[in-house]
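K.L.:
Got a predicted structure plus its sequence, pasted below:
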Amino acid sequence: MALARAFSVAIVGVHGHLVEVEADLANGLPAITLVGLPDAALHEAKDRIRAAIVNSGQAWPNQRITVGLFPATLPKSGSGFDVAMAAAVLGAAATVPPDSLRGRVLLGELALDGRLRPVRGVLPAVMSALDAGIDRVVVPEANGAEAALVPGVVVEPVRDLDCLVRLLRGEYAPAPPPGIILDGPPAAAQDAGDLADVAGQSRGRLAVEVAAAGGHHLFMQGPPGSGKTMLAERLPGLLPALDAEAALEVTAVHSVAGLLPAHCPLVLRPPFRSPHHSATPGALVGAGSTVLRPGLASQAHRGVLFLDEAPEFARPTLDALRQPLESGVIEIARARISARFPARFLLVLAANPCPCARAGGAAAKLCDCPSLVRRRYLSRLSGPLLDRVDLQVELAAPSRAELRADYKYAETSVVAAERVRGARQAAARRLTGTPWRTNAEIPGPALRRMWPLPAGVTRPADLAFESGQLTARGLDRVLRVAWTLADLAGVACPGPTQLGMALDLRLPGRSQ
């Protein structure tokens, strides 16, 4: 009897779990048995690794082979265990020294000719290996740059199984993948258009700038042509580049989702997702039975999730976002597995005032929607959902004169992005030593306790709360927006001007 042990990683959500892969060779009829709660895709690995070993010029042991994946209680899926299983079998057959498998994590899928194909989730897998005390990882060449993002890890990218055998025998030393500098100059903004293109919407441009500066959720209501979609598409261009910690968080989510391009293993810009209104709740928050994949809300982590024509989305789909809007985390539970995905995104909702989209503005006289129809249309956005949206603005279609006049005064995205960057730096200095990054993340009790405002400043908001225009949650959000406006204005503390502007940006129709 011969036994060898290798290590791999199972990904659950965006977190990895170290898996011990054991191969046992015993006398008996030639066969291979796989144990340890594998799924159907993993069962197919038996045929893949046998063909890969034979086609790589190595001898397949004609014995009874048992491959175990431990811990046996952890569900395992996918083809990322192929390389570790093949290495364990070769180690048990003494084709490679069994001791060479110690201190190494092996990741990758095997082609039938022995090539190593790239797999999803390499970044979180390498991070988990390092946390488990293993600082040497073998990955396919296509995943080498992604694995090298984790500092303190020795990455060994290999092309095929033959190179792996020579590596484990000490006959081959792969070239290290090129490193990526995380603390370099900020990446260029995405080609999202210029904010100055949205002429005639000074209120809308202000709302987008405030949303970017404080990470506030935004709801825009207005007729077609008022610039709602243009404003939302230009919002990512105002957001600063991701810092090193946020870039790794976002890259880990995109790696698990299989969205990382081979030429760009690190996400440096805030992502932007705009799903179709037919999207299901599973598409937004994530889905799966044994393999849980991040949904569009998690893919927009540290970026923007834009729902155009929001009332056209199904009510359960919209309400599925209520919990992550508060916690910044999506938790999915299934019968055999559960997972947590980060989802600290900036939500932007856009809606027409009625089904025919002609209510309000110069075309209001053409609208033939009864008032009951209008109420039902907008009531598809539930009160609890809108209560979690900090900024709620009504946009009117600009007139021809407003369009011409505003072209001279509309500021570019570069100018607005510089103000956003300054506001975020001011907020970061104030939030030093706290777990929060932006004003939108500060809980209401902490905001009132750590940064109280004079009663004379908060009086208009208090009156709106007493009259029922604001809920307790809405009152907290008004105070957060006031702090963001103060950061944009370069003042140390919000005053009556900032609080009044925050109320105008929260209560639709207040300034109309």
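P.N.:
Here it is on my side, so go on. Numbers count the residues shown, from 1 in each chain.

K.L.:
And stretch 13-24, how far out from the chain middle?
P.N.:
When distances are taken as Cα atoms, centre = their mean, to the nearest Å, stretch 13-24 is centred 24 Å away from the chain's centroid.

K.L.:
do stretch 329-337 as well
P.N.:
Taking Cα atoms, centre = their mean, one finds the center of stretch 329-337 at 17 Å from the center of the full chain.

K.L.:
repeat for stretch 411-424
P.N.:
Worked out by Cα atoms, centre = their mean, stretch 411-424 lies 23 Å from the chain centre.

K.L.:
Please apply the same query to stretch 338-351.
P.N.:
8 Å.

K.L.:
Could you list the buried residues of it?
P.N.:
339-351 (16 or more other Cβ atoms under 10 Å). All C-beta atoms are positioned from the backbone trio N, CA, C, and that covers glycine.

K.L.:
Could you dump those residues into a markdown table and include pLDDT and secondary structure?
P.N.:
As requested, these are exported to a markdown table (pLDDT from 0 to 100; DSSP: H, G, I helix; E, B strand; the rest coil):
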| residue | pLDDT | secondary structure |
| --- | --- | --- |
| A339 | 89 | strand |
| R340 | 91 | strand |
| F341 | 95 | strand |
| P342 | 95 | strand |
| A343 | 95 | coil |
| R344 | 95 | coil |
| F345 | 96 | coil |
| L346 | 97 | strand |
| L347 | 97 | strand |
| V348 | 98 | strand |
| L349 | 97 | strand |
| A350 | 96 | strand |
| A351 | 93 | strand |
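
K.L.:
which one of those residues is nearest A111?
P.N.:
A339 (28.8 Å; Cβ to Cβ).

K.L.:
Make sure that closest one is actually in contact with V291.
P.N.:
No - with contact defined as Cβ atoms under 8 Å, A339 does not count as touching V291 (9.7 Å).

K.L.:
Can you mark which positions in stretch 313-328 are buried?
P.N.:
F313, T317, L318, A320, L321, P324, L325.

K.L.:
From those residues, which land in helices?
P.N.:
Among those, the ones falling in helices (DSSP state H) are T317, L318, P324, L325.

K.L.:
so which helix or strand takes in the nearest residue to A173 once chain neighbours are set aside?
P.N.:
Spatial nearest neighbour of A173, chain neighbours left out: L167 (7.5 Å); criterion: Cβ to Cβ, 6 or more residues apart in numbering. Per DSSP states H and E, L167 falls inside helix 161-168.

K.L.:
isn't A428 right next to W436, touching?
P.N.:
No - look at A428 against W436 with Cβ under 8 Å: they stay out of range, at 9.6 Å.

K.L.:
still on that earlier bit, pull out the buried residues from the helix holding L167.
P.N.:
Buried, per 16+ other Cβ under 10 Å, within helix 161-168: L161, D162, C163, L164, V165, L167, L168.

K.L.:
D135 contacts V153, correct?
P.N.:
Yes - between D135 and V153 there is a contact at 5.4 Å, judged by Cβ under 8 Å.

K.L.:
got any residues that touch both of those two?
P.N.:
A129 (Cβ atoms under 8 Å, 6 or more residues apart in numbering).

K.L.:
CA atoms of the helix or strand of the chain with the lowest mean pLDDT as PDB?
P.N.:
None of the helices or strands of the chain scores lower by mean pLDDT, DSSP states H and E than helix 400-406, at a mean of 78. Extracted in PDB, the C-alpha atoms of helix 400-406 (Å, rounded to 0.1, in the frame of the first residue of the first chain):
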ATOM      1  CA  ARG A 400     -34.300  74.700 -25.000                       C
ATOM      2  CA  ALA A 401     -33.200  77.900 -23.300                       C
ATOM      3  CA  GLU A 402     -31.900  76.000 -20.200                       C
ATOM      4  CA  LEU A 403     -30.000  73.700 -22.500                       C
ATOM      5  CA  ARG A 404     -28.200  76.600 -24.300                       C
ATOM      6  CA  ALA A 405     -27.500  78.500 -21.100                       C
ATOM      7  CA  ASP A 406     -26.200  75.500 -19.100                       C
END
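
K.L.:
Tell me which residues of it come out buried.
P.N.:
D406.

K.L.:
got a list of contacts for that helix?
P.N.:
So helix 400-406 is in contact with A199, G200, Q201, S202, P398, going by Cβ under 8 Å, 6+ apart.

K.L.:
and whichever helix or strand comes after it, how far from the chain's centre?
P.N.:
Using DSSP H and E, the helix or strand that follows helix 400-406 in sequence is helix 413-430. Its chain's C-alpha centre and that of helix 413-430 lie 22 Å apart, by Cα atoms, centre = their mean.

K.L.:
Also stretch 439-459?
P.N.:
Using Cα atoms, centre = their mean, the offset of stretch 439-459 from its chain centre is 29 Å.

K.L.:
Send me that stretch as CSV with only the CA atoms.
P.N.:
The C-alpha trace of stretch 439-459 is given here as CSV (Å, rounded to 0.1, in the frame of the first residue of the first chain):
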residue,chain,number,x,y,z
ASN,A,439,-20.4,59.0,5.3
ALA,A,440,-23.1,56.7,4.0
GLU,A,441,-21.7,53.8,6.1
ILE,A,442,-21.9,55.5,9.5
PRO,A,443,-24.7,54.2,11.7
GLY,A,444,-27.2,56.8,12.9
PRO,A,445,-26.5,56.3,16.6
ALA,A,446,-22.7,56.7,16.1
LEU,A,447,-23.2,59.7,13.9
ARG,A,448,-25.2,61.5,16.6
ARG,A,449,-23.0,60.4,19.4
MET,A,450,-19.6,61.1,17.8
TRP,A,451,-20.4,64.1,15.7
PRO,A,452,-23.4,65.9,17.2
LEU,A,453,-24.8,69.0,15.5
PRO,A,454,-26.4,72.0,17.4
ALA,A,455,-30.2,71.9,17.8
GLY,A,456,-30.4,75.1,15.7
VAL,A,457,-28.8,73.4,12.7
THR,A,458,-30.9,70.2,12.9
ARG,A,459,-34.2,72.0,13.6
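
K.L.:
For it, buried residues please.
P.N.:
Residues of stretch 439-459 classed as buried under the neighbour-count rule (16+ other Cβ under 10 Å) are N439, A440, E441, I442, L447, L453, V457, T458.

K.L.:
Please report how far the spatially closest residue to the second one that is not a sequence neighbour lies from Q323.
P.N.:
Nearest residue to A440, sequence neighbours excluded (Cβ to Cβ, 6+ apart): G215, at 3.9 Å. Separation of G215 from Q323 (Cβ to Cβ, to the nearest Å) stands at 18 Å.

K.L.:
Would you agree A6 falls within a helix?
P.N.:
No - counting by DSSP: H, G, I helix; E, B strand; the rest coil, A6 is not found in a helix; it is strand.

K.L.:
how about it, what does it touch?
P.N.:
Here A6 is in contact with E20, V21, A23, A84, M85, A87, A88, G91, L101, R104, L106 (criterion: Cβ under 8 Å, 6+ apart).

K.L.:
How far does the one helix or strand L90 maps to sit from its chain's centre?
P.N.:
Taking DSSP H and E as the criterion, L90 maps to helix 82-92. Once both centres are worked out by Cα atoms, centre = their mean, helix 82-92 turns out to sit 34 Å from its chain's centre.

K.L.:
Run the angle between it and helix 161-168 for me.
P.N.:
For helix 82-92 against helix 161-168, the angle by axes from the mean of the first three to the mean of the last three Cα atoms, to 10 degrees is 60 degrees.
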